[in-house]
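Enquirer: no FASTA, just this:
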């Protein structure tokens, strides 16, 4: 805690002119209350889950996130097809029980020495609710040597605010990985935020409506319509498979009856580069899934490599947004599609690269040494670009000898009061944990409970005496459409409608407010009786 | 019906190359089924209401509208503050019971001689769900002489499709009237479509979030915040008053508890040019409304004339969207606001001017006459620019002698098979009917029932033997916030919570699907227990 004490004066100076608003969270360091300020970057499964569990009586909680709500992602695909209403899977950060500070914006930089975060505040009404994919940049270098800062991901345009912290929880998640494939950033749809779900929903309904035009002066041929009504999903993991299943249900149950002439022209295809989809399920369950998809006439194309995505030529592309997919295995024959949903992998948040490039002085460095003053920086995982943490989710550091390339690992060293959880963390003891909601939620709960147990005073111990984090696999559920799902855990395997009941039941009990616990089943019943919402809005 | 028979051949020729898709509605004239095709322009209270009541066993229904849904407008203000979910007040046109044809797009032109409508189809996902205000044009001339076509309101960009009709129902509504006041089109918010409600909601929530930034490098002063949190409503009719009331409820019940430091800075003002607001209510009820507003600290400024609306200078305007309102009575002192909601009057749809300019040959014109061949055109109301109809809602025409200015009224003449209902109609026998949902709904029901009663064969009588339309005033309801409303009809007057119960109950029984009849009260209860939805999405 030496850094904390020594920097209070400097921080005060830094923020001298910015006195705190009356009852808003203060931008000066907390005092008097005896509470430490825990600043949380991110409002997803990790950040929101942590804030929910951290005791507001012991800590001052401040969430910084570009999104003012938490998205219950397992039901995102259901909102994209209108089974659920968008807001039923959102939890506003400001409705967290207890006092909570919130600042909508992007963490632009962090000064680990001064313990201050520079935030670009942006709460304008057009602030993003859709997935942003950063422009292509070189992949993380093979060594953990910090990269140059390079061009910033986006230029600041909002108010710049400095927020001091006592403890920092980095839970800013990961970005969609496009592998630098041409046209994906521009033309594919992602399915990670609520705005993505809305865009997909509008696109699907709009495609049916466009194909229903009577033949006019400049009409679409049946082949054109077949291309526009081809829905391509890239990535055969649970997200891609569930979206394909939900889309099938929407088309089969709700759209086919009102567009009967279009139903024979519709097709859904899941592409994956791997030899099989749903790799986390055992052979029998994966086969059951594929048999179900085959009955629903959803095509699954494994070992297919997408090489390019582009708009079709002329009016067909410009006016109707028709896409052309180039697939390695098909040579020059491009596949037409009206919608491409991208759900492959994740890549590190560009903020992590920026933070890892920062040199932080070593505490207790030898001033008599003749070598340049030793500094350290965040240790990144070479494969994923995430921040390495120890078994207690504390950010690991590595000695960077001056500006030289001879970065030496510094065993067991951590950055004091900086924790990393969720998709942007890679644990030293369990480096292969998947980037899932389940892992993020368990890490969030572990860390919050650990901090809650401590005496919540400045300078409390840094947690090394606690039990290290252990992931417990609760199993994986995937919805397959038509009231069927598969579930697999270490203890059991379920399939068919039993899995569906478990699937739906399990989701209801987790992480939701009572408001949404009530509204979600109401919408399930209403959609079951009256059909899904198809108002194109 | 001579026009109908004589033009079949020409129409067939015109649309020869466009064969009808299999089960979609045909673009050739219907035949074989013996059903006439009734084409309806618009999907509001008039168009949707008419289509709902017209018997699909007797007529082929085809709706042409830029919107694929009907909006239950009395609850629009409730969705704009999050009490109700947006889709609970939408009814998709394609879910109308019975077979219904739908084409999303703008009627671009109508050939009354050939009985064909030219439609610019546009079902792209970004197709408008927000109010569009046409660019300024000269007010309708004092005589009913047709205006020149002038510049088209918007350039066609979608597919052009020709749709033949047997009967035509023009129900394309009216546009918001801005009186040519500078900046209103660009900077004011309207509240007529569901996209408007969403934009207002995002703006209100965003303003609170922006004002909650802790003080940063470039912070907002308390005076800045006071300006951004000033919500101005222009127009003291029921729409403006109800929005002010709902906004008060949202701020008082839901936002003040989570932004306590901002509550003292909030203000709501209703401006009107008239000496009193709610002119349709009698003195006692209007006073009750004003007393309620005074208790809620909603300012009502009568006899105030808005002269200009503009963005504030610098970052305050550019980044935060702060507005400056110039009011005649205040001289050069502009009033700051974060949101201006415009709900004054309505103006004629530009399509009406275009249609009224079209010359249609008189049936049975004397070929031996030495004067130029006599033509006629739609008769417009001089004051509002709407189409005049007779007591049976048939479009009235007037003789236009060639191109000359000597337009002579032709008593009792109507355009065969063309009906006009809702906001774009002005009835000869009741010219002062207000442009309200109630009038539109009654006209729609009257016309549909009239047509249902007839033998539904081509060439049926034109309805002159029927009972003329009579408006029955069901009374006016206005919500005042805080569970109170006022209701006035010829029979009774209600105020307070009794009126509130009547208000809410009455809305539920009208025009809604069972889905929404169920969801609306569920949301009322959920919002009452858990608060309004405040997820900014």
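Expert: That came through, no problem. None of these values were measured; they are calculated from a predicted model.

Enquirer: residue contacts, residue A:491?
Expert: In this structure, residue A:491 makes contact with residue A:475, judged by C-beta atoms under 8 Å, 6 or more residues apart in numbering or on different chains. Every C-beta, even on glycine, is put in place using the N, C-alpha and C of the backbone.

Enquirer: Wasn't it part of a strand?
Expert: No: looking at residue A:491 with DSSP: H, G, I helix; E, B strand; the rest coil, it is coil, so not inside a strand.

Enquirer: how close does it sit to chain B?
Expert: Relative to chain B, residue A:491 is positioned 35 Å away (C-beta to the nearest C-beta, to the nearest Å).

Enquirer: Show me where the stretch 301-450 of chain A has its strands.
Expert: Along the stretch 301-450 of chain A, the segments classed as strands by DSSP state E, counting those that start in this stretch run A:306-311, A:323-327, A:335-337, A:339-342, A:346-348, A:360-361, A:375-378, A:387-389, A:394-400, A:408-420, A:425-427.

Enquirer: tell me the domain ranges of chain A?
Expert: Structural domains assigned to chain A are A:2-177+A:347-453, A:184-344, A:483-537, following automatic domain parsing.

Enquirer: Tally up the residues packed near residue A:375, please.
Expert: As a burial measure, residue A:375 scores 17 neighbours (other C-beta atoms under 10 Å in any protein chain shown).

Enquirer: Now it: closest residue in space, sequence neighbours ignored.
Expert: By the measure of C-beta to C-beta, 6 or more residues apart in numbering or on different chains, the closest residue to residue A:375 outside its immediate chain neighbours is residue A:359, 3.9 Å from it.

Enquirer: can you list the residues of the stretch 101-250 of chain A near chain B?
Expert: When proximity is defined as C-beta under 8 Å from any C-beta of the partner chain, the stretch 101-250 of chain A approaches chain B at A:102-104, A:119, A:121, A:123-125, A:127, A:129, A:157-163, A:194-195, A:198-199, A:202-203, A:205-206, A:209-210, A:212-219.

Enquirer: Repeat the analysis, applying 6 Å as the threshold.
Expert: The stretch 101-250 of chain A has residues A:104, A:121, A:123-125, A:129, A:159-161, A:194, A:202-203, A:206, A:209-210, A:213-218 near chain B, with proximity defined as C-beta under 6 Å from any C-beta of the partner chain.

Enquirer: Next, residue A:286: secondary structure please.
Expert: Taking three-state DSSP as the rule, one finds residue A:286 in the helix state.

Enquirer: Pretty sure residue A:516 sits against residue A:88.
Expert: Yes: counting by C-beta atoms under 6 Å, residue A:516 touches residue A:88, with 5.2 Å between them.

Enquirer: what number of residues lie near residue A:97?
Expert: Applying the criterion other C-beta under 10 Å, we find 8 residues in the vicinity of residue A:97.

Enquirer: quick one, what contacts it?
Expert: When contacts are counted by C-beta atoms under 6 Å, 6 or more residues apart in numbering or on different chains, residue A:97 touches no other residue.

Enquirer: Apply 10 Å and report the result again.
Expert: Residues touching residue A:97, when contacts are defined by C-beta atoms under 10 Å, 6 or more residues apart in numbering or on different chains, comprise A:52, A:56, A:513.

Enquirer: low pLDDT regions in the stretch 401-537 of chain A?
Expert: Screening the stretch 401-537 of chain A residue by residue with the criterion pLDDT under 70, one finds the ranges A:401-411, A:455-465, A:507.

Enquirer: What parts of it come near chain B?
Expert: Taking C-beta under 10 Å from any C-beta of the partner chain as the test, the list of the stretch 401-537 of chain A residues beside chain B reads A:513-516, A:518-519, A:522-523, A:525-527, A:529-531, A:533-537.

Enquirer: Of the residues you listed, which count as buried by neighbour count?
Expert: For these, a neighbour count by 16 or more other C-beta atoms under 10 Å in any protein chain shown gives the buried set as A:513, A:515-516, A:518-519, A:522-523, A:526-527, A:530-531, A:533-537.

Enquirer: Could you list which of the residues you listed belong to helices?
Expert: Among those, the members found in helices (DSSP state H) are A:515-516, A:518-519, A:522-523, A:526-527, A:530.

Enquirer: Quick one: the residues you listed as TSV, columns for distance to residue B:480 too.
Expert: TSV is the format used below for these (distance: C-beta to C-beta, whole Å):
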residue	distance to residue B:480
A:515	26
A:516	30
A:518	29
A:519	28
A:522	29
A:523	31
A:526	31
A:527	35
A:530	33
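
Enquirer: end-to-end on stretch A:169-186?
Expert: Counting by C-alpha to C-alpha, to the nearest Å, you get 32 Å between the two ends of stretch A:169-186.

Enquirer: what is the mean pLDDT for it?
Expert: If you average the pLDDT over stretch A:169-186, you get 93.

Enquirer: Going by neighbour count, which residues in that stretch are buried?
Expert: Along stretch A:169-186, these residues count as buried under the neighbour rule (16+ other C-beta under 10 Å): A:169-178, A:181, A:183-185.

Enquirer: And for stretch A:446-453?
Expert: Residues of stretch A:446-453 classed as buried by neighbour count (16+ other C-beta under 10 Å): A:446-448, A:450-451.

Enquirer: What is the nearest of the residues you listed to chain B?
Expert: Out of the buried residues of stretch A:446-453, the one with the shortest distance to chain B is residue A:448. That distance is 21.7 Å, counting by C-beta to the nearest C-beta.

Enquirer: The closest one: what's it in contact with?
Expert: Going by C-beta under 10 Å, 6+ apart, residue A:448 touches A:38, A:40, A:49-55, A:59, A:61, A:169, A:421.

Enquirer: Write the PyMOL selection for whichever of these are buried.
Expert: With 16+ other C-beta under 10 Å as the burial test, the buried ones among the contacts of residue A:448 are selected in PyMOL as follows:
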select buried, chain A and resi 38+40+49+50+51+52+53+54+59+61+169+421
